[in-house]
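Participant: Predicted model, plus sequence, below.
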Number of protein chains: 2
Amino acid sequence: MLSNSRLVHQPHDHRRCISAALTRARDLCAEENLRLTPTRESVLRLLWQSHRPLGAYQLQDQLAKISGKPIAPPTIYRAVEFLLKTGLIHRIASLNAYIGCPFPNSDHSNLFMICTDCGSAAEVAHSSINKLLQSTCEKANFTLQDQSLEIFGLCPNCSLQQQENGGISSADKDHE
Amino acid sequence: MLSNSRLVHQPHDHRRCISAALTRARDLCAEENLRLTPTRESVLRLLWQSHRPLGAYQLQDQLAKISGKPIAPPTIYRAVEFLLKTGLIHRIASLNAYIGCPFPNSDHSNLFMICTDCGSAAEVAHSSINKLLQSTCEKANFTLQDQSLEIFGLCPNCSLQQQENGGISSADKDHE
DNA sequence: GAGGTTAAGTTATAACATAACATAAGCAAA
DNA sequence: TTTGCTTATGTTATGTTATAACTTAACCTC
């Protein structure tokens, strides 16, 4: 099982997440002869600023702020499209939002564990779940092509806090 | 395993699906003292016209056609909200669309098998998948609240047809 | 039938996404 | 080094999905 859940839900040196993601992205693009342009890199970096998925228009606002000039939606959607295609990010359908992929090289089908309190999302590549899905499909004569698995609940941190203090939100924290 | 996959993907007497769904809805609303108003019933009926999920604005068009007067989006969204809350329909997040629930009484977490060719969607309540997800969450100290599992591929019918004639779409059929 | 509650109508707008066309940047071969 | 091809970005407009806010009507109970 490949997962970044431990990392996402604990305090950690988040600068390492960002720089590791950028390194992976540069390597991957170099290998495949793809252009990681400034816009694309900025969007990727923004998506790694936290472990929370960001929507296209949040990205737009933030990129506009960084670059000091207005950014139009197509700019964002193009960068997002590129990053999705290359596997550097994922789309979370139920949130209309995007998040950096922690293991873009591995060929994986994903499961996201999304915290309804702090908003953080961890990615899990769980081979027994995938196998079970595959066999379920086979039994139904359904030819599996793609999957979108998103589960909602409380991350370890927020679970603990709810138990301790009876449910005060920690939406302002994301355990960077 | 509870599933309507066999039914969805085979030719069948679809009038029975519709009338069964309406009976279930009426019973459930009677039991829980909820009002299945004409608008709500119309929307539910529309969602049972086929086994394909419909978007809010498709519902709007069709309801306008049926009722002979313009329908505003909030009307649709309110009906949808009611039907979702009572468990009579589900939302398919990755399609921004809605579909009737074939077993609204059973307390179930769902998996949808959505055909990328004909658009039909079957619902599967698979206890071993749910157990595996639950145990995966427990191991990660993640408190599961809700899930959105949507898998894409070719339904049995479309699989067969692709094998037979090399990939001619059957998007116009949905095996009612 | 007065008054509370729930549902529906109406208008406007927010939030998410793409089409279509124009311009510019990167790059390879003449 | 410029010509021409390809890829990326800018720009404007619009399509699609969803909700806010306020008004009116239906229903239900006393």
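Facilitator: Ah, there it is.
Participant: Which stretches in chain A count as strands?
Facilitator: If DSSP state E is used as the criterion, the strands of chain A fall at A:2-3, A:89-92, A:97-100, A:111-115, A:121-125, A:143-154.
Participant: Dump these to a markdown table, plus mean pLDDT, distance to chain B and mean neighbour count.
Facilitator: C-betas here are computed from N, CA, C, even on glycine. Output for the strands of chain A, formatted as a markdown table (pLDDT from 0 to 100; distance: least, Cβ to the nearest Cβ, whole Å; neighbours: other Cβ atoms under 10 Å in any protein chain shown):
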| stretch | mean pLDDT | distance to chain B | mean neighbour count |
| --- | --- | --- | --- |
| strand A:2-3 | 87 | 7 | 16 |
| strand A:89-92 | 98 | 9 | 21 |
| strand A:97-100 | 98 | 11 | 24 |
| strand A:111-115 | 97 | 5 | 26 |
| strand A:121-125 | 94 | 7 | 22 |
| strand A:143-154 | 96 | 4 | 20 |
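Participant: I'd like these laid out as CSV, including distance to A:Gln60.
Facilitator: Below are the strands of chain A laid out as CSV (distance: least, Cβ to Cβ, whole Å):
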stretch, distance to A:Gln60
strand A:2-3, 30
strand A:89-92, 15
strand A:97-100, 12
strand A:111-115, 22
strand A:121-125, 20
strand A:143-154, 23
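Participant: among the ones you listed, which is nearest A:Trp48?
Facilitator: strand A:97-100 (4.7 Å; Cβ to Cβ).
Participant: can you pull the contacts of the nearest residue in space to A:Leu2 that is not next to it in sequence?
Facilitator: Nearest residue to A:Leu2 in three dimensions, chain neighbours excluded: A:Ala125, at 4.1 Å (Cβ to Cβ, 6 or more residues apart in numbering or on different chains). By Cβ atoms under 8 Å, 6 or more residues apart in numbering or on different chains, the contact set of A:Ala125 is A:1-3, A:103, A:106, A:108-111.
Participant: of those, list those near DNA strand C.
Facilitator: Among these, none lies close to DNA strand C by the criterion of Cβ under 7 Å from any atom of the strand.
Participant: quick check, nearest of those residues to DNA strand C?
Facilitator: Closest approach between the contacts of A:Ala125 and DNA strand C, by Cβ to the nearest atom of the strand: A:Asn110, at 17.3 Å.
Participant: Run through the residues that contact the closest residue to that closest one other than its chain neighbours.
Facilitator: Of all residues not flanking A:Asn110 in the chain, A:Glu123 sits nearest, at 5.5 Å (Cβ to Cβ, 6+ apart). Contacts for A:Glu123 (Cβ under 8 Å, 6+ apart) come out as A:3-5, A:90, A:99, A:101-103, A:110-112.
Participant: got any ranges where chain A has weak pLDDT?
Facilitator: A:166-176 (pLDDT under 70).
Participant: need the longest helix for it.
Facilitator: Secondary structure of chain A read by DSSP state H shows that its longest helix is helix A:14-32.
Participant: and it, what other elements does it pack with?
Facilitator: Judged by 3 or more Cβ pairs under 8 Å, 6 or more residues apart in numbering or on different chains; DSSP states H and E, the packing partners of helix A:14-32 are helix A:38-47.
Participant: Distance from the helix it packs on to the middle of the chain?
Facilitator: 13 Å (Cα atoms, centre = their mean, to the nearest Å).
Participant: follow-up on the earlier one: where's the residue nearest to A:Asn110 relative to A:Leu111, distance?
Facilitator: From A:Glu123 across to A:Leu111, the span is 7 Å (Cβ to Cβ, to the nearest Å).
Participant: How about A:Ser67?
Facilitator: Counting by Cβ to Cβ, the gap from A:Ser67 to A:Leu111 is 34 Å.
Participant: can you redo the contacts of A:Ala125 as a markdown table with distance to A:Gln62?
Facilitator: A markdown table is the format used below for the contacts of A:Ala125 (distance: Cβ to Cβ, whole Å):
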| residue | distance to A:Gln62 |
| --- | --- |
| A:Met1 | 32 |
| A:Leu2 | 29 |
| A:Ser3 | 27 |
| A:Phe103 | 25 |
| A:Ser106 | 28 |
| A:His108 | 28 |
| A:Ser109 | 30 |
| A:Asn110 | 24 |
| A:Leu111 | 27 |
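Participant: Spatially, and excluding backbone neighbours, which residue is closest to A:Leu59.
Facilitator: A:Leu59 sits nearest to A:Ile76 (Cβ to Cβ, 6+ apart), 5.0 Å away.
Participant: residues in contact with the one you found?
Facilitator: A:Ile76 sits next to A:43, A:56-57, A:59-60, A:63 when contact means Cβ under 8 Å, 6+ apart.
Participant: if you set the cut-off to 7 Å instead, what comes out?
Facilitator: A:43, A:56, A:59-60, A:63 (Cβ atoms under 7 Å, 6 or more residues apart in numbering or on different chains).
Participant: Appreciated, that's everything.
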